[in-house]
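>>> Here is my input; please provide its structure:
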Amino acid sequence: MATRSRAKAGKQSKPPNAGPELRLRIVLGKDIAIGPGKADLLEAIRETGSITAAGRAMQMSYKRAWYLLDSMNRCFAQPVVEATKGGKVGGGARLTRVGEELLRRYRRLERRCATHAATDLAALRQLMPEPDR
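Residues are numbered from 1 along each chain as shown. The predicted structure is shown next:
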């Protein structure tokens, strides 16, 4: 499981037969509270200080980024991101204390899951066809 920010990487397509990949999603009720894309969005907001810039870095519309943030904010007792409106000094966005903790714990869970699943993922890779050369 990669923890590299997609804001840095951009959208990348996986080559065919690249191997099994473990992707962690935390579901609360009917919503995905956080998953790889939402975690990447939080990291991009932390890095850029802007929902617009974070979305752009991830090749995502502002509307889509806002929708994902809104769904995360509804899953938790307190918001994970706070946005300020523009003006003379411009607007911005930042992770709240809850957002920082959510991202930290999610990334730790990803690392732990990857560590514990490594042997099984390698075994599954052996069951896959060889990639074309």
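>>> When you work out contacts or count neighbours from here on, use the C-alpha atoms and nothing else.
Noted.
>>> Poorly predicted segments of the chain, please.
For the chain, applying pLDDT under 70 flags the ranges 1-17, 87-89, 132-133.
>>> Return the distance of the nearest residue to residue 125 once chain neighbours are set aside relative to residue 37.
Of all residues beyond its chain neighbours, the one nearest residue 125 is residue 19 (5.5 Å), with distances taken as Cα to Cα, 6 or more residues apart in numbering. The spacing between residue 19 and residue 37, counted by Cα to Cα, to the nearest Å, is 20 Å.
>>> likewise residue 25?
To residue 37, residue 25 is 10 Å away according to Cα to Cα.
>>> correct me, but residue 83 touches residue 96?
No - in this structure, residue 83 is not within contact of residue 96 by Cα atoms under 8 Å, at 9.9 Å.
>>> Quickly find the element holding residue 65.
The secondary structure element spanning residue 65 is helix 62-75 (assigned by DSSP states H and E).
>>> Can you tell me which helices and strands that helix packs against?
Packed against helix 62-75 by the contact rule (3 or more Cα pairs under 8 Å, 6 or more residues apart in numbering; DSSP states H and E) you find strand 31-34, helix 36-48, helix 51-57.
>>> how about it: buried residues?
Neighbour counts using 16 or more other Cα atoms under 10 Å place 65, 68, 69, 72, 73, 75 of helix 62-75 among the buried residues.
>>> and the residues you listed, which two are the farthest apart?
Using Cα to Cα, those span at most 15.7 Å, a distance reached by 65 and 75.
>>> so how far is the first residue of stretch 44-59 from its last?
11 Å.
>>> Return the set of buried residues in that stretch.
Of the residues in stretch 44-59, those buried by neighbour count under the rule 16+ other Cα under 10 Å are 44-46, 48-58.
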